[in-house]
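# Quick check, what structure comes out for this input:
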Amino acid sequence: MEHSTLPTRNDLVPKLPPQIEGIEKEALVEALSQIYRKAVESRGIEFQDITGTEVGAKIQKAAEWMLGSPVRSGLLLQGTIGSGKTTLMYAMYGLYKQLASPVIFTTAYDLYAHFKHQQEKEASRYEEFLRAKYLFVEEAGAEPERCQSYGTDYTPIQNLISYRYDRKLPTIITTNLADDKILDRYGPRMMDRINEMFSILRFKGDSYRK
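Predicted structure coming up:
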C-alpha cells in the first residue's frame, strides 16, 4: 500500500536543490537578498537597504529554514499587505527555479479552480500541485472556502497540505490571515497540522518601502 512508503516525521527533509547543498548560510542569504532586490526594482520601486530591518531578518530566517529543520517541510509567510512576505516568496521561487525541477508557483485561488476542474472531469493541474518537488502557493485564504461537486463539499487547500505533509514535500505559502482567522477558516485540525508542518515567519511591521 502507498502509505507504507511514506517517510516518517524523523526523516530528513531535503529542502535545497542538489546544486547548492552544502552552501553556507551567508552565501544563501546574499543570493536571496539579491533576487529580492531585483524583484523590488522590477516593479519600479527604489530599493532601500534592508540591513537591520524586519525583511532582512526574515530573509535570514528563510535561509535557516532552507538549511535546517528535518521536520518542518513547510514555510508559512504570514502578514499584512506590503510587508514584504510575497516579495520574499518570489525571491525564494526565483532561486529554486534557476536550480531545481519541478518547481511550481500558483495561487490559492488557482489551486481551488484546478481542483474544481478535476472534480468536473476537465483539464486540471491539481495533481501536479500535489506532487511538485517544490511548491509555492500565494494568498492562502483568498480562495473560496468550499468546493462543491455533485453535492459534496471539498476543501482543496486542506487536502493539498495534508498530502504534502504526509510526504514531507517542501511547501512555501503566503497568507494575509492572522492566526485566529486561519483557525476560523480551516479549523483546529488543520491549524494543528500547519503548526507541525510549517515554520512560520510573521511579518508584523510595515514594508521597508517608503
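# got the contact list for the residue nearest to residue 104 when sequence neighbours are not counted?
Counting by Cβ to Cβ, 6 or more residues apart in numbering, residue 104 lies nearest to residue 132, which is 4.2 Å off, once chain neighbours are set aside. Just so you know, the C-beta spots here come from the backbone N, C-alpha and C atoms, and that holds for glycine as well. Neighbour list for residue 132: 102, 103, 104, 169 [criterion: Cβ atoms under 8 Å, 6 or more residues apart in numbering].
# ok, residue 89 - contacts?
Residue 89 makes contact with 77, 136, 138, 172, 174, according to Cβ under 8 Å, 6+ apart.
# Sticking with it, tell me its helix or strand.
Using DSSP states H and E, residue 89 maps to helix 85-99.
# Send over that helix as CSV, restricted to the C-alpha atoms.
Written as CSV, here are the backbone C-alpha positions of helix 85-99 (Å, rounded to 0.1, in the frame of the first residue of the first chain):
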residue,chain,number,x,y,z
LYS,A,85,6.3,38.5,2.5
THR,A,86,5.2,38.0,-1.1
THR,A,87,8.5,39.5,-2.4
LEU,A,88,10.4,37.1,-0.2
MET,A,89,8.4,34.2,-1.7
TYR,A,90,9.3,35.5,-5.2
ALA,A,91,12.9,35.6,-4.2
MET,A,92,12.9,32.0,-3.0
TYR,A,93,10.9,30.9,-6.0
GLY,A,94,13.4,32.7,-8.3
LEU,A,95,16.3,30.9,-6.7
TYR,A,96,14.7,27.5,-6.8
LYS,A,97,13.5,27.9,-10.4
GLN,A,98,17.1,28.5,-11.5
LEU,A,99,18.3,25.3,-9.9
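# quick thing: my sequence starts at 831, can you match it?
In the new count, where the first residue is 831, that last one comes out as helix 915-929.
# from the chain's centre, how far out does it sit?
10 Å (Cα atoms, centre = their mean, to the nearest Å).
# Quick check: residue 969 vs residue 952, distance?
To residue 952, residue 969 is 23 Å away according to Cβ to Cβ, to the nearest Å.
# More neighbours: which of the two?
residue 969 (18 against 9; other Cβ atoms under 10 Å).
# Quick one: classify that one as helix, strand or coil.
strand (DSSP: H, G, I helix; E, B strand; the rest coil).
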